[in-house]
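Peer 1: Give me a 3D structure for the following:
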Amino acid sequence: MNGLELIKKAFSLQPVERIPWVPFVGVHGGFLTGVDATTYLKSSEEIVKGISKSVEEYNPDGIPVVFDLQVEAEVLGCELRWSETGPPAVVSHPLVEGGKLSDLKIPGPDDGRIAVCLEATRQLREKYPELALYGLITGPFTLALHLLGTDIFMKLFEDPEEVNEVMEFCTAAGLKMAEYYMDAGCDVIALVDPMTSQIDPETFETFVTPFVSRIFEFVREQGKLSSFFVCGHAQQNIEAMCNCRPDNVSIDENIPLDFVKEITLKKGISFGGNLKLTVILLMGNPDDCREHALECLDLGGKTGFILAPGCDLPRETPSENLKAVTGLVHDPYQQDVVRTLEKKESSLEVFNMKDYGQADKVIVDVITLDSESCAPCQYMVEAVKRVAPHFEGVVEWREHAIKKMEAVSFMSSLMVKNIPTICIDGKIAFVSKIPPERELVAAIQKRINEKLKLKIKSKRSEIILIGEEAGQCNELKDRVNRALTELGKEAEVKILSGREKLAAFGATQSPAIVAVNYKLKAEGTLPSADVIREWLKEL
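Peer 2: Residues are numbered from 1 along each chain as shown. The predicted model follows:
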């Protein structure tokens, strides 16, 4: 049985001898062929090369042609910020920047990069007739958000008629994109709507269900298969997604696989997921990948389950990790071997965060997959960036993209389970929800008031490390930086070397540490000598 037949069988909930494997190869295809993400996504030739190499390396049953949720938005006038390592990000929103919905036209098959995607599809269809090709279209709600920006969340309540008009247009665009991909040879139309993770089930049923249901019905009428992709903490909307009647629901690691399995199978819908993108596929080793893939295979079972990553693969995902998954999927004996192996304990380093948030400034941490490639992450980071100037000098914000192990450790240390998440001074504040500006401002201000009562007084600190020789303090510096990270504090770390430097600070052995704390004692006044004398006694 070839890959396409296996996918069709799984989608129809017939038991399969082997669970189908669909790696969501996006710009990772360019990594395999040695081109950057921008070059890759602008060239049908490069896309065909990348997908062909992926088919050769990973022996998939199905594969997406292109994974880029900005293709339609770009044609409709959204400006993009391009990246060498991931898909572009939308940085302008026409309908809140003077544009009118009546000025927008439904994208045609020859417009912008749509033509690139369709040409790649036609070539891949001819080259791989037995492979299930996925055509990915941007879901209407996510496309509407690209056009309206985060104003859409306010308009859901203040101007629902406008939102419905925009959703109607985006649905018409989605229907056309589905038609173009099916005509070019795609077997599965995957509607990718990650921003639906930001709304509750009632809002979903009002503003999403009536529109996406039409797209899934259209695909069904054409004799093709459909999938509803979502990422983020969308657990509350899984049943609502099933009620839209797709053939498949595909989720990421934010949602437990057994939870999705129970709901989808009751609804007569197949399901897919949810290999961990960063901790396992990107930063793990082949053994980690085999162990985790087996967990997914055993949990998903052989009825209605498709093994896949939680979203599109990070560009530099090691190919040996994906080959390890491929080998496991195709080899029952290897599965039995992995089952018998003792599971490794997690080696993830956890920071001591009990004193985090004691620095003078309020620290806003945004835990993301990567704001350059994940739409919900991008808009959450933008929400923080937008309010930060209100608190200039008082608030510092940081993004922690978990494509790096340090950020994964930080996320785990704060006990964050879902992404994207906003933490304020180490406390979880907004989980997989882009907060309205007034709510975010209020949450930050509340923390400022709690922490500093009326006003922050600046302090400046230094840590001076002294060694007899240059390089003697390198390990000590690493420990100091870790301690600063765990406290959320800032201090300038200086390294001095030489016997004379030790002596100057009264030290006789190295390495030595000197902690210096500068405190503001007076501002705009002339203190008396008596007052100054009392300050000197503190030194």
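Peer 1: Run through the strands of the stretch 401-539 of the chain in chain order.
Peer 2: Defined through DSSP state E, counting those that start in this stretch, the strands belonging to the stretch 401-539 of the chain, from first to last, are 421-424, 427-431, 459-467, 492-497, 512-519.
Peer 1: which of these is buried the deepest?
Peer 2: For these, the largest average neighbour count (mean count of other Cβ atoms under 10 Å) is found in strand 421-424, namely a mean of 24. Quick note: C-beta positions are derived from backbone N, CA and C, even for glycine.
Peer 1: So what's the model's average confidence on it?
Peer 2: In this model, strand 421-424 carries a mean pLDDT of 93.
Peer 1: Quickly run through the sheet partners of that strand, with directions.
Peer 2: In the sheet containing strand 421-424, its partner strands are strand 362-368 (antiparallel), strand 427-431 (antiparallel), by DSSP bridges.
Peer 1: and Thr303, which of those strands is closest to it?
Peer 2: Closest approach to Thr303 among those (Cβ to Cβ): strand 427-431, 32.0 Å.
Peer 1: What are the contacting residues of the closest one?
Peer 2: Under the criterion Cβ atoms under 8 Å, 6 or more residues apart in numbering, residues 233, 357, 380, 414-416, 418, 421-423, 435, 439-440, 443 lie in contact with strand 427-431.
Peer 1: before we move on, what about stretch 5-18?
Peer 2: Contacts of stretch 5-18 from elsewhere in the structure, counted by Cβ under 8 Å, 6+ apart, are 1, 19-20, 22, 61-62, 130, 132, 187-188, 225, 247-248, 265, 268, 270, 302-306, 329-330.
Peer 1: and those residues, which are buried?
Peer 2: 19-20, 22, 61-62, 132, 187-188, 225, 247-248, 265, 270, 304-306, 329 (16 or more other Cβ atoms under 10 Å).
Peer 1: At which residues are the helices of the stretch 351-500 of the chain located?
Peer 2: With DSSP state H, counting those that start in this stretch, the ranges of helices along the stretch 351-500 of the chain come out as 375-387, 405-413, 437-452, 474-487, 499-504.
Peer 1: now the strands paired with strand 421-424 as CSV including distance to Lys519 and mean pLDDT?
Peer 2: Putting these into CSV (distance: least, Cβ to Cβ, whole Å; pLDDT from 0 to 100) gives the following:
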stretch, distance to Lys519, mean pLDDT
strand 362-368, 20, 92
strand 427-431, 27, 91
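Peer 1: Flag every buried residue along the strand or helix carrying Arg122.
Peer 2: For Arg122, the enclosing helix or strand under DSSP states H and E is helix 114-127. Within helix 114-127, the residues scored as buried using 16+ other Cβ under 10 Å are Ile114, Val116, Cys117, Leu118, Glu119, Ala120, Thr121, Gln123, Leu124, Arg125.
Peer 1: Count the neighbours of the nearest residue to Leu275 once chain neighbours are set aside for me.
Peer 2: Excluding its sequence neighbours, the residue lying closest to Leu275 (Cβ to Cβ, 6 or more residues apart in numbering) is Pro309, at 4.6 Å. Neighbour count of Pro309, defined by other Cβ atoms under 10 Å: 28.
Peer 1: And Pro309, how far from Ala10?
Peer 2: Using Cβ to Cβ, to the nearest Å, one gets 17 Å for the distance from Pro309 to Ala10.
Peer 1: Could you do Val362 as well?
Peer 2: 49 Å.
Peer 1: Those two - which one has more neighbours?
Peer 2: The neighbour count for Val362 versus Ala10, taken as other Cβ under 10 Å, is higher for Ala10 (30 against 24).
Peer 1: so which of the strands of the stretch 401-539 of the chain gets nearest Thr150?
Peer 2: Closest to Thr150 of the strands of the stretch 401-539 of the chain, according to Cβ to Cβ: strand 427-431, at 12.9 Å.
Peer 1: quick revisit: need the helices of the stretch 351-500 of the chain in JSON lines (columns: distance to Gly108 and mean neighbour count).
Peer 2: Formatted as JSON lines, the helices of the stretch 351-500 of the chain follow (distance: least, Cβ to Cβ, whole Å; neighbours: other Cβ atoms under 10 Å):
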{"stretch": "helix 375-387", "distance to Gly108": "24", "mean neighbour count": "22"}
{"stretch": "helix 405-413", "distance to Gly108": "41", "mean neighbour count": "18"}
{"stretch": "helix 437-452", "distance to Gly108": "37", "mean neighbour count": "15"}
{"stretch": "helix 474-487", "distance to Gly108": "51", "mean neighbour count": "15"}
{"stretch": "helix 499-504", "distance to Gly108": "71", "mean neighbour count": "13"}
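Peer 1: Which other helices and strands does the longest helix along the chain contact?
Peer 2: In the chain, assigned by DSSP state H, the helix with the most residues is helix 160-184. Counting by 3 or more Cβ pairs under 8 Å, 6 or more residues apart in numbering; DSSP states H and E, the packing neighbours recorded for helix 160-184 are helix 114-127, strand 132-138, helix 140-148, helix 151-158, strand 188-192, helix 201-207, helix 209-221.
Peer 1: OK, contacts around the one residue sitting closest to the centre of the chain?
Peer 2: Per Cα atoms, centre = their mean, the C-alpha nearest to the average position across the chain is that of Leu369, at 2.9 Å. Leu369 is in contact with Leu277, Thr278, Cys311, Cys377, Ala401, Ile402, Lys403, Ile419, Pro420, counting by Cβ under 8 Å, 6+ apart.
Peer 1: Return the residues in contact with the second one.
Peer 2: I take that to be Thr278. Applying Cβ under 8 Å, 6+ apart to Thr278 gives the contacts Pro314, Leu369, Ile402, Lys403, Val408.
Peer 1: next one: the fifth one
Peer 2: By Cβ under 8 Å, 6+ apart, Ala401 lies in contact with Thr368, Leu369, Asp370, Ser371, Cys377, Ala407.
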